[in-house]
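give me coordinates for this.
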Amino acid sequence: MACGRPCIITNVGGVGEWIKDDVTGLLIKPEQPEELANKIIELADNSEKRTILGNNAHNLVEKSANKSVIMSDVELDY
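Residues are numbered from 1 along each chain as shown. So this is what the prediction gives:
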């Protein structure tokens, strides 16, 4: 995400907090290799979608995962 590339993920653990389907990446169900293959092909065939998802992902990381922002929040908490 920080590199401006779209991610394809399964919504397990906390990753769903970062990836919003069709906004900052693509979500698939766990243990669905055909769905994964289809999403890879979808992104490979659609450069505009890759760019939009990648840019959205990068912007989210810059806004929410920036070290300075996180450390400021931690400082306020403590």
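
quick one, helices of the chain?
For the chain, the helices defined by DSSP state H occupy 33-45, 47-64, 67-77.

highest mean neighbour count out of these?
Per-stretch averages of neighbours, counted by mean count of other C-beta atoms under 10 Å, single out helix 47-64 among the helices of the chain, with a mean of 15. No exception for glycine: its C-beta is placed from N, CA and C like everyone else's.

please compute how far that helix lies from its chain's middle.
8 Å (C-alpha atoms, centre = their mean, to the nearest Å).

run through who's touching it.
The contact list for helix 47-64 (C-beta atoms under 8 Å, 6 or more residues apart in numbering) reads 1-7, 18-19, 22-26, 42-43, 69.

just to be sure, which of the residues you listed are found in strands?
Residues of these located in strands (DSSP state E): 7, 25-26.

with pLDDT added, can I get the residues you listed in TSV?
Conversion of the ones in strands among the contacts of helix 47-64 to TSV gives the following (pLDDT from 0 to 100):
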residue	pLDDT
7	94
25	95
26	96
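
contacts only, for residue 28.
By C-beta under 8 Å, 6+ apart, the contact list for residue 28 reads 8-10, 35-36, 39.

with residue 36 instead?
Residue 36 sits in contact with 8, 28, where contact means C-beta under 8 Å, 6+ apart.

switch the cut-off to 10 Å
8-10, 26, 28-29 (C-beta atoms under 10 Å, 6 or more residues apart in numbering).

just the buried subset of those residues, please.
Among the contacts of residue 36, those classed as buried by 16 or more other C-beta atoms under 10 Å are 8-10, 26, 28.

farthest pair within those?
Maximum pairwise distance in these, criterion C-beta to C-beta, is 10.3 Å, between 10 and 26.

who touches both of the two?
Joint contacts of residue 10 and residue 26 (C-beta under 10 Å, 6+ apart) are 19, 35-36.

ok so, going back, in JSON lines, list the contacts of residue 28 along with distance to residue 58.
Formatted as JSON lines, the contacts of residue 28 follow (distance: C-beta to C-beta, whole Å):
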{"residue": "8", "distance to residue 58": "16"}
{"residue": "9", "distance to residue 58": "16"}
{"residue": "10", "distance to residue 58": "21"}
{"residue": "35", "distance to residue 58": "25"}
{"residue": "36", "distance to residue 58": "22"}
{"residue": "39", "distance to residue 58": "19"}
